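Asks: Fold the following, please.
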Amino acid sequence: AVICEKKMKKLAALLHLFVSVVVAFVSDGPPVLPRRGHRLATKVDAPATVAGVNVNEQLRKVEKEIAETKAERKNSGLLDTDDLTKGETLKLSTWEKDLDRLALKEANLYRILAGEDVKLARESKSFREADVEHIAKATGVDLRSPYGELKKELWTTLPDANFSAGRLRSLRAQWSRVSETSTFWHESSHRVLIDRVLQTVVDEFDGYLVLTYELLVETSRKDESGTTYVLRGDVDYTVMFDHDRMLAAGRSSSCPEPLKPMNFVAVEAKRVIDVTAALTQLVAEVCALRKIRTAAGRSGLIYGVLSNAEKWLFVMIDEEGKLHVSAPITVNVGTPNKDGLRRVCRTIYAILSAGLQSERNLRRQP
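Replies: From the prediction side, this is the model:
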(Lines give C-alpha, C1' and ligand atoms only; values in the text may rest on other atoms or scores of the structure.)
Protein backbone atom coordinates (compact mmCIF):
# COMPACT_ATOMS: atom_id res chain seq x y z
CA ALA A 1 0.00 0.00 0.00
CA VAL A 2 2.84 2.39 0.88
CA ILE A 3 4.65 1.64 -2.39
CA CYS A 4 1.42 2.11 -4.34
CA GLU A 5 0.82 5.45 -2.63
CA LYS A 6 4.34 6.65 -3.51
CA LYS A 7 3.88 5.63 -7.14
CA MET A 8 0.56 7.49 -7.30
CA LYS A 9 2.15 10.66 -5.89
CA LYS A 10 5.00 10.43 -8.39
CA LEU A 11 2.56 9.89 -11.24
CA ALA A 12 0.48 12.87 -10.10
CA ALA A 13 3.60 15.05 -9.96
CA LEU A 14 4.63 14.04 -13.47
CA LEU A 15 1.11 14.68 -14.74
CA HIS A 16 1.11 18.12 -13.11
CA LEU A 17 4.46 18.93 -14.71
CA PHE A 18 3.20 17.77 -18.12
CA VAL A 19 0.07 19.93 -17.86
CA SER A 20 2.14 22.95 -16.77
CA VAL A 21 4.46 22.55 -19.74
CA VAL A 22 1.58 22.29 -22.19
CA VAL A 23 -0.17 25.33 -20.73
CA ALA A 24 3.02 27.39 -20.78
CA PHE A 25 3.83 26.32 -24.34
CA VAL A 26 0.37 27.28 -25.61
CA SER A 27 0.19 30.62 -23.79
CA ASP A 28 3.78 31.91 -23.96
CA GLY A 29 5.78 29.65 -26.22
CA PRO A 30 8.45 27.22 -25.01
CA PRO A 31 8.85 27.47 -21.22
CA VAL A 32 12.03 27.88 -19.24
CA LEU A 33 12.83 24.40 -18.01
CA PRO A 34 13.84 24.29 -14.34
CA ARG A 35 16.99 22.80 -12.94
CA ARG A 36 16.55 19.94 -10.50
CA GLY A 37 15.16 21.14 -7.20
CA HIS A 38 13.55 24.27 -8.61
CA ARG A 39 9.95 25.00 -9.47
CA LEU A 40 8.92 25.42 -13.08
CA ALA A 41 9.30 29.06 -14.09
CA THR A 42 7.28 30.63 -16.85
CA LYS A 43 6.73 34.19 -17.92
CA VAL A 44 3.33 34.02 -16.25
CA ASP A 45 4.46 33.43 -12.67
CA ALA A 46 7.78 35.30 -12.87
CA PRO A 47 8.24 38.34 -10.64
CA ALA A 48 7.70 41.66 -12.43
CA THR A 49 10.89 43.16 -11.06
CA VAL A 50 14.02 42.04 -9.23
CA ALA A 51 16.09 44.74 -7.55
CA GLY A 52 14.25 47.31 -9.63
CA VAL A 53 14.85 45.46 -12.91
CA ASN A 54 11.96 44.29 -15.07
CA VAL A 55 13.22 40.79 -15.86
CA ASN A 56 10.87 39.95 -18.72
CA GLU A 57 11.44 43.27 -20.43
CA GLN A 58 15.22 42.90 -20.13
CA LEU A 59 15.03 39.34 -21.45
CA ARG A 60 13.17 40.52 -24.55
CA LYS A 61 15.79 43.23 -25.13
CA VAL A 62 18.68 40.80 -24.75
CA GLU A 63 17.12 38.24 -27.09
CA LYS A 64 16.48 40.95 -29.65
CA GLU A 65 20.07 42.19 -29.37
CA ILE A 66 21.41 38.65 -29.79
CA ALA A 67 19.32 38.16 -32.93
CA GLU A 68 20.42 41.51 -34.37
CA THR A 69 24.10 40.84 -33.64
CA LYS A 70 23.96 37.40 -35.26
CA ALA A 71 22.17 38.84 -38.30
CA GLU A 72 24.73 41.64 -38.64
CA ARG A 73 27.58 39.15 -38.41
CA LYS A 74 25.98 36.84 -40.99
CA ASN A 75 25.08 39.62 -43.43
CA SER A 76 28.64 40.98 -43.33
CA GLY A 77 29.85 37.90 -45.19
CA LEU A 78 33.00 37.81 -43.05
CA LEU A 79 32.21 34.31 -41.75
CA ASP A 80 32.63 32.95 -45.27
CA THR A 81 35.87 34.82 -45.96
CA ASP A 82 39.29 33.31 -45.30
CA ASP A 83 41.50 36.27 -46.20
CA LEU A 84 40.47 38.84 -43.58
CA THR A 85 42.05 42.22 -43.00
CA LYS A 86 43.12 43.30 -39.52
CA GLY A 87 40.01 45.46 -39.20
CA GLU A 88 37.71 42.65 -40.30
CA THR A 89 39.31 40.21 -37.85
CA LEU A 90 38.86 42.75 -35.05
CA LYS A 91 35.23 43.25 -36.04
CA LEU A 92 34.56 39.50 -35.89
CA SER A 93 36.25 39.33 -32.50
CA THR A 94 34.06 42.18 -31.25
CA TRP A 95 30.90 40.34 -32.38
CA GLU A 96 32.04 37.18 -30.58
CA LYS A 97 32.70 39.11 -27.36
CA ASP A 98 29.30 40.78 -27.61
CA LEU A 99 27.53 37.45 -28.13
CA ASP A 100 29.36 35.87 -25.18
CA ARG A 101 28.40 38.81 -22.96
CA LEU A 102 24.76 38.70 -24.11
CA ALA A 103 24.59 34.92 -23.64
CA LEU A 104 25.76 35.28 -20.04
CA LYS A 105 23.25 38.04 -19.40
CA GLU A 106 20.47 35.94 -20.97
CA ALA A 107 21.40 32.92 -18.83
CA ASN A 108 21.28 35.02 -15.65
CA LEU A 109 17.85 36.39 -16.55
CA TYR A 110 16.53 32.88 -17.18
CA ARG A 111 17.93 31.78 -13.82
CA ILE A 112 16.05 34.61 -12.16
CA LEU A 113 12.86 33.49 -13.90
CA ALA A 114 13.53 29.97 -12.65
CA GLY A 115 13.40 31.25 -9.09
CA GLU A 116 17.11 31.20 -8.35
CA ASP A 117 18.61 33.80 -6.06
CA VAL A 118 20.93 35.36 -8.61
CA LYS A 119 23.16 38.20 -7.49
CA LEU A 120 23.32 40.91 -10.11
CA ALA A 121 26.73 40.93 -11.78
CA ARG A 122 29.50 43.36 -10.90
CA GLU A 123 32.44 43.80 -13.24
CA SER A 124 35.40 45.82 -11.95
CA LYS A 125 38.55 46.79 -13.86
CA SER A 126 41.49 49.01 -13.11
CA PHE A 127 42.49 51.88 -15.38
CA ARG A 128 45.31 49.74 -16.77
CA GLU A 129 43.03 46.76 -17.46
CA ALA A 130 40.03 48.61 -18.90
CA ASP A 131 39.34 48.46 -22.60
CA VAL A 132 37.20 50.89 -24.58
CA GLU A 133 34.05 48.82 -24.05
CA HIS A 134 34.42 48.73 -20.25
CA ILE A 135 35.17 52.47 -20.16
CA ALA A 136 31.91 53.12 -22.00
CA LYS A 137 29.90 50.91 -19.64
CA ALA A 138 31.44 52.32 -16.45
CA THR A 139 31.37 56.03 -17.36
CA GLY A 140 28.78 56.45 -20.11
CA VAL A 141 31.40 57.99 -22.42
CA ASP A 142 31.32 55.82 -25.54
CA LEU A 143 34.50 56.29 -27.56
CA ARG A 144 34.26 53.03 -29.52
CA SER A 145 34.91 53.05 -33.25
CA PRO A 146 33.04 50.58 -35.51
CA TYR A 147 36.00 48.22 -35.04
CA GLY A 148 36.08 48.49 -31.25
CA GLU A 149 39.13 50.78 -31.08
CA LEU A 150 39.41 54.29 -29.64
CA LYS A 151 37.50 56.76 -31.78
CA LYS A 152 39.55 59.97 -31.75
CA GLU A 153 40.07 63.18 -33.66
CA LEU A 154 43.32 65.08 -34.16
CA TRP A 155 43.59 68.03 -31.78
CA THR A 156 45.42 70.65 -33.84
CA THR A 157 44.95 73.86 -31.80
CA LEU A 158 46.05 73.43 -28.20
CA PRO A 159 45.08 75.94 -25.47
CA ASP A 160 47.71 78.62 -25.04
CA ALA A 161 48.37 81.27 -22.38
CA ASN A 162 51.30 83.43 -21.32
CA PHE A 163 53.45 81.69 -18.74
CA SER A 164 56.01 83.26 -16.40
CA ALA A 165 59.32 83.69 -18.21
CA GLY A 166 61.15 83.56 -14.88
CA ARG A 167 59.61 80.23 -13.87
CA LEU A 168 60.34 78.86 -17.34
CA ARG A 169 64.05 79.80 -17.07
CA SER A 170 64.20 78.22 -13.62
CA LEU A 171 62.58 75.05 -14.96
CA ARG A 172 65.10 74.81 -17.81
CA ALA A 173 67.93 75.10 -15.32
CA GLN A 174 66.46 72.39 -13.09
CA TRP A 175 65.88 70.17 -16.11
CA SER A 176 69.50 70.51 -17.19
CA ARG A 177 70.81 69.71 -13.70
CA VAL A 178 68.64 66.58 -13.47
CA SER A 179 69.77 65.51 -16.95
CA GLU A 180 73.41 65.86 -16.01
CA THR A 181 73.08 63.65 -12.92
CA SER A 182 70.70 60.97 -14.24
CA THR A 183 71.13 58.15 -16.72
CA PHE A 184 67.41 57.86 -17.60
CA TRP A 185 67.58 54.10 -17.83
CA HIS A 186 64.93 53.92 -15.13
CA GLU A 187 61.40 55.34 -15.12
CA SER A 188 61.99 57.19 -11.87
CA SER A 189 64.42 59.54 -13.64
CA HIS A 190 61.76 60.47 -16.16
CA ARG A 191 59.25 60.96 -13.38
CA VAL A 192 61.49 63.54 -11.71
CA LEU A 193 61.29 65.70 -14.84
CA ILE A 194 57.51 65.27 -15.12
CA ASP A 195 57.21 66.27 -11.45
CA ARG A 196 59.24 69.43 -12.05
CA VAL A 197 57.15 70.53 -15.03
CA LEU A 198 53.77 69.99 -13.37
CA GLN A 199 54.85 71.50 -10.04
CA THR A 200 56.32 74.56 -11.75
CA VAL A 201 53.04 75.26 -13.54
CA VAL A 202 50.89 74.62 -10.46
CA ASP A 203 53.10 76.98 -8.38
CA GLU A 204 52.00 79.81 -10.66
CA PHE A 205 48.56 79.74 -9.04
CA ASP A 206 49.76 80.92 -5.61
CA GLY A 207 48.44 77.97 -3.64
CA TYR A 208 44.90 77.89 -5.06
CA LEU A 209 45.79 74.64 -6.83
CA VAL A 210 47.64 71.64 -5.40
CA LEU A 211 49.40 68.82 -7.26
CA THR A 212 48.54 65.41 -5.81
CA TYR A 213 50.05 62.00 -6.49
CA GLU A 214 48.51 58.53 -6.77
CA LEU A 215 44.95 59.68 -6.08
CA LEU A 216 42.52 56.76 -5.79
CA VAL A 217 39.56 57.34 -8.12
CA GLU A 218 36.56 55.05 -8.47
CA THR A 219 33.36 55.38 -10.42
CA SER A 220 30.63 52.94 -11.44
CA ARG A 221 27.51 52.69 -13.56
CA LYS A 222 24.66 50.19 -13.73
CA ASP A 223 23.22 49.11 -17.06
CA GLU A 224 19.61 48.20 -17.82
CA SER A 225 20.08 44.56 -16.83
CA GLY A 226 21.33 45.54 -13.37
CA THR A 227 25.00 44.74 -14.02
CA THR A 228 27.33 47.23 -12.32
CA TYR A 229 30.51 48.21 -14.16
CA VAL A 230 33.27 49.65 -11.97
CA LEU A 231 36.34 51.61 -13.06
CA ARG A 232 38.97 52.36 -10.44
CA GLY A 233 42.64 52.91 -9.82
CA ASP A 234 45.34 55.37 -8.81
CA VAL A 235 45.82 58.43 -11.00
CA ASP A 236 49.52 59.30 -11.30
CA TYR A 237 48.95 63.06 -11.07
CA THR A 238 45.83 65.08 -10.33
CA VAL A 239 45.45 68.81 -9.78
CA MET A 240 43.16 69.69 -6.86
CA PHE A 241 41.51 72.86 -5.57
CA ASP A 242 42.70 74.16 -2.24
CA HIS A 243 39.18 74.63 -0.89
CA ASP A 244 40.21 76.40 2.33
CA ARG A 245 42.41 78.85 0.44
CA MET A 246 39.56 79.80 -1.90
CA LEU A 247 37.14 80.32 1.01
CA ALA A 248 39.70 82.50 2.77
CA ALA A 249 39.86 84.64 -0.36
CA GLY A 250 36.17 85.38 0.02
CA ARG A 251 34.72 82.91 -2.44
CA SER A 252 31.12 81.94 -1.76
CA SER A 253 30.61 78.80 0.30
CA SER A 254 26.83 78.84 -0.18
CA CYS A 255 26.99 76.50 -3.18
CA PRO A 256 27.04 72.71 -2.59
CA GLU A 257 30.25 71.21 -1.25
CA PRO A 258 32.71 71.82 -4.12
CA LEU A 259 34.39 69.04 -5.98
CA LYS A 260 38.11 69.11 -5.29
CA PRO A 261 39.60 67.45 -8.43
CA MET A 262 40.26 69.90 -11.25
CA ASN A 263 39.68 69.38 -14.95
CA PHE A 264 43.13 67.87 -15.59
CA VAL A 265 44.99 64.59 -14.97
CA ALA A 266 48.39 63.35 -16.05
CA VAL A 267 49.75 59.85 -16.58
CA GLU A 268 53.41 58.95 -16.37
CA ALA A 269 54.24 56.71 -19.30
CA LYS A 270 56.93 54.08 -19.46
CA ARG A 271 60.37 55.01 -20.69
CA VAL A 272 59.16 54.19 -24.21
CA ILE A 273 55.54 55.18 -24.83
CA ASP A 274 53.23 52.37 -25.90
CA VAL A 275 50.61 54.71 -27.32
CA THR A 276 47.83 52.12 -27.61
CA ALA A 277 47.97 50.86 -24.01
CA ALA A 278 49.04 54.06 -22.28
CA LEU A 279 46.56 56.23 -24.17
CA THR A 280 43.69 53.88 -23.28
CA GLN A 281 44.71 54.10 -19.61
CA LEU A 282 44.78 57.91 -19.75
CA VAL A 283 41.38 58.00 -21.47
CA ALA A 284 39.96 55.70 -18.77
CA GLU A 285 41.16 58.08 -16.05
CA VAL A 286 39.89 61.16 -17.88
CA CYS A 287 36.47 59.55 -18.44
CA ALA A 288 36.22 58.52 -14.77
CA LEU A 289 37.02 62.06 -13.64
CA ARG A 290 34.54 63.44 -16.17
CA LYS A 291 31.73 61.27 -14.80
CA ILE A 292 32.48 62.35 -11.22
CA ARG A 293 32.65 66.04 -12.14
CA THR A 294 29.52 66.12 -14.29
CA ALA A 295 27.58 64.34 -11.53
CA ALA A 296 28.61 67.24 -9.27
CA GLY A 297 27.35 69.81 -11.75
CA ARG A 298 30.72 70.65 -13.29
CA SER A 299 31.66 70.94 -16.95
CA GLY A 300 32.19 67.81 -19.02
CA LEU A 301 35.26 69.39 -20.64
CA ILE A 302 38.21 67.37 -19.30
CA TYR A 303 41.89 67.29 -20.21
CA GLY A 304 44.80 64.92 -19.70
CA VAL A 305 48.41 64.47 -20.71
CA LEU A 306 50.50 61.37 -21.30
CA SER A 307 54.24 61.80 -20.93
CA ASN A 308 57.55 60.02 -20.52
CA ALA A 309 59.21 63.45 -20.03
CA GLU A 310 60.61 63.49 -23.55
CA LYS A 311 57.24 63.38 -25.35
CA TRP A 312 53.99 65.00 -24.17
CA LEU A 313 50.66 63.89 -25.66
CA PHE A 314 47.59 65.94 -24.73
CA VAL A 315 43.99 64.70 -24.85
CA MET A 316 40.65 66.42 -24.42
CA ILE A 317 37.11 65.10 -24.04
CA ASP A 318 34.70 67.85 -25.01
CA GLU A 319 31.20 68.59 -23.74
CA GLU A 320 29.72 66.19 -26.32
CA GLY A 321 31.95 63.33 -25.16
CA LYS A 322 34.26 63.33 -28.20
CA LEU A 323 37.95 62.48 -27.79
CA HIS A 324 40.62 64.78 -29.24
CA VAL A 325 44.29 63.76 -29.23
CA SER A 326 47.19 66.08 -30.06
CA ALA A 327 50.37 65.29 -31.91
CA PRO A 328 53.20 64.68 -29.40
CA ILE A 329 55.29 67.65 -28.30
CA THR A 330 58.96 66.71 -28.02
CA VAL A 331 61.19 67.98 -25.20
CA ASN A 332 64.74 66.60 -25.30
CA VAL A 333 65.65 64.75 -22.14
CA GLY A 334 69.23 66.06 -22.21
CA THR A 335 69.22 69.75 -23.07
CA PRO A 336 65.54 70.74 -23.13
CA ASN A 337 64.06 71.97 -26.38
CA LYS A 338 63.14 75.55 -25.46
CA ASP A 339 60.15 75.73 -27.79
CA GLY A 340 58.84 72.30 -26.78
CA LEU A 341 59.13 72.94 -23.04
CA ARG A 342 57.52 76.36 -23.42
CA ARG A 343 54.59 74.89 -25.37
CA VAL A 344 54.03 72.18 -22.75
CA CYS A 345 54.00 74.68 -19.87
CA ARG A 346 51.78 77.19 -21.69
CA THR A 347 49.28 74.47 -22.63
CA ILE A 348 49.01 73.08 -19.10
CA TYR A 349 48.81 76.61 -17.67
CA ALA A 350 46.01 77.55 -20.07
CA ILE A 351 44.01 74.41 -19.20
CA LEU A 352 44.34 74.95 -15.45
CA SER A 353 43.60 78.69 -15.71
CA ALA A 354 40.34 78.03 -17.55
CA GLY A 355 39.35 75.34 -15.04
CA LEU A 356 40.09 77.55 -12.04
CA GLN A 357 38.19 80.48 -13.51
CA SER A 358 35.20 78.23 -14.21
CA GLU A 359 35.21 77.03 -10.59
CA ARG A 360 35.46 80.58 -9.28
CA ASN A 361 32.51 81.67 -11.41
CA LEU A 362 30.46 78.73 -10.13
CA ARG A 363 31.19 79.59 -6.51
CA ARG A 364 30.19 83.20 -6.99
CA GLN A 365 26.66 82.05 -7.82
CA PRO A 366 24.16 82.32 -4.94
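Asks: so what's the backbone phi/psi at residue 308?
Replies: Backbone torsions of residue 308, given as degrees, to the nearest 10, read phi -120, psi 20.
Asks: Run a quick neighbour tally on it.
Replies: When neighbours are counted by other Cβ atoms under 10 Å, residue 308 registers 23. Where C-beta positions appear, they are placed from N, C-alpha and C, glycine not excepted.
Asks: Surely it touches residue 268?
Replies: Yes. Judged on Cβ atoms under 8 Å, residue 308 makes contact with residue 268 at a distance of 7.4 Å.
Asks: which residues do these two both contact?
Replies: Any residue near both residue 308 and residue 268 by Cβ atoms under 8 Å, 6 or more residues apart in numbering counts here, and that gives residue 190.
Asks: which stretches of the stretch 1-150 of the chain have low pLDDT?
Replies: With pLDDT under 70 as the threshold, the stretch 1-150 of the chain has low-confidence stretches at 1-53, 115-121, 147.
Asks: Any idea which residue is closest to the centre of this structure?
Replies: The centroid of the chain falls nearest to residue 135 when counting by Cα atoms, centre = their mean (2.7 Å).
Asks: Could you report the distance from that residue to residue 177?
Replies: With the distance defined as Cβ to Cβ, to the nearest Å, residue 135 ends up 39 Å from residue 177.
Asks: same deal with residue 280?
Replies: When distances are taken as Cβ to Cβ, residue 280 and residue 177 turn out to be 34 Å apart.
Asks: One more: residue 311?
Replies: To residue 177, residue 311 is 21 Å away according to Cβ to Cβ.
Asks: okay, the two: which has more neighbours?
Replies: The residue with the greater number of neighbours, taking residue 311 and residue 177 and applying other Cβ under 10 Å, is residue 311; the counts read 19 against 11.
Asks: Now do the same contact list for the closest residue in space to that one that isn't next to it in sequence.
Replies: Counting by Cβ to Cβ, 6 or more residues apart in numbering, residue 328 is the residue found nearest to residue 311 once chain neighbours are left out, at 4.3 Å. Applying Cβ under 8 Å, 6+ apart to residue 328 gives the contacts 311, 312, 313.
Asks: Please apply the same query to residue 294.
Replies: For residue 294, the residues meeting the contact criterion (Cβ under 8 Å, 6+ apart) are residue 300.
Asks: host element of it?
Replies: For residue 294, the host element (DSSP states H and E) is helix 275-295.
Asks: for the helix or strand harbouring residue 266, what is the average pLDDT?
Replies: In this structure, residue 266 sits in strand 261-268 according to DSSP H and E. Per-residue pLDDT over strand 261-268 has a mean of 75.
Asks: How about stretch 301-312?
Replies: Along stretch 301-312, the predicted local confidence has a mean pLDDT of 90.
Asks: and that stretch, how far from the chain's centre?
Replies: The gap between the average C-alpha position of stretch 301-312 and the chain average comes to 18 Å, counting by Cα atoms, centre = their mean, to the nearest Å.
Asks: returning to that earlier point: now the strand holding residue 266 and helix 275-295, what's the angle there?
Replies: Computed with axes from the mean of the first three to the mean of the last three Cα atoms, to 10 degrees, the direction of strand 261-268 lies at 170 degrees from that of helix 275-295.
Asks: please renumber so the chain begins at 192
Replies: Got it, the first residue is 192 from now on, which makes the last one we talked about strand 452-459.
Asks: So for strand 452-459, what gets flagged as buried?
Replies: Across strand 452-459, burial judged by 16 or more other Cβ atoms under 10 Å covers 452, 453, 454, 455, 456, 457, 458, 459.
Asks: Reformat these as JSON lines; add distance to residue 384.
Replies: Converted to JSON lines, these look like this (distance: Cβ to Cβ, whole Å):
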{"residue": "452", "distance to residue 384": "24"}
{"residue": "453", "distance to residue 384": "22"}
{"residue": "454", "distance to residue 384": "23"}
{"residue": "455", "distance to residue 384": "18"}
{"residue": "456", "distance to residue 384": "18"}
{"residue": "457", "distance to residue 384": "12"}
{"residue": "458", "distance to residue 384": "15"}
{"residue": "459", "distance to residue 384": "10"}
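Asks: Around residue 431, how many other residues sit close by?
Replies: Around residue 431 sit 15 other residues, with neighbours defined as other Cβ under 10 Å.
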